[in-house]
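Chemist: return atomic coordinates for the entry below.
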Amino acid sequence: MPGKSTSVIGNIVLSQLVQPVITPVAVLTVATAEQTFTVGGLQVGDFINYQLIAPLVAGLSVIGMRVTAANTLGITFVNTTGASLTPTANNYIINVDRFDAVGTSLPAVLV
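Modeler: Model (predicted):
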């Protein structure tokens with residue numbers, strides 16, 4: 001594709017930090033698993049960034065977060081060890097950004 005393009009998705013209408021109370025369950029050995037948690041106020045299309053308050057258990061990582069449904073946060077963990085591991089509870093600060101045009105189709109803008 002020649003040139004650069006950018007999709008315009010709107011202005012940020014909400015930006016907030018939340019620290020949800022969540023208790024993950026064990027992640028099986030040498031596996032990737034998405035677990036879901038209720039976090040009030042989330043909407044599909046919200047942009048999620050996260051920060052761990054403390055390191056996770058050795059061999060366990062967070063490889064992504066997303067809003068899977070209204071009020072539902074999905075966290076994907078990977079366990080690279082030979083034993084089941086349980087992620088640390090209440091160890092996450094989440095930045096939620098919401099755009100005013102989520103769900104609308106806007107044309108690409110050439111840069």
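Chemist: show me where pLDDT drops low in the chain?
Modeler: For the chain, applying pLDDT under 70 flags the ranges 1-9, 101-111.
Chemist: could you identify the longest strand within it?
Modeler: Scanning the chain for the strand with the most residues, using DSSP state E, yields strand 60-69.
Chemist: show me what counts as buried in it.
Modeler: L60, S61, V62, M65, R66, V67 (16 or more other Cβ atoms under 10 Å). Placement of C-beta: from N, CA and C, glycine included.
Chemist: and for stretch 85-100?
Modeler: Result for stretch 85-100 [16+ other Cβ under 10 Å]: buried residues L85, P87, T88, N91, Y92, I94, V96, R98, F99.
Chemist: nearest to G10, of these?
Modeler: Within those, the smallest distance to G10 is 4.2 Å, found for F99 (Cβ to Cβ).
Chemist: before we move on, back to that, who does the longest strand of the chain pair up with?
Modeler: strand 72-79 (antiparallel) (DSSP bridges).
Chemist: which residues touch the strand it pairs with?
Modeler: 20, 22, 24, 27-39, 42, 48, 59-68, 85, 87, 92, 94 (Cβ atoms under 8 Å, 6 or more residues apart in numbering).
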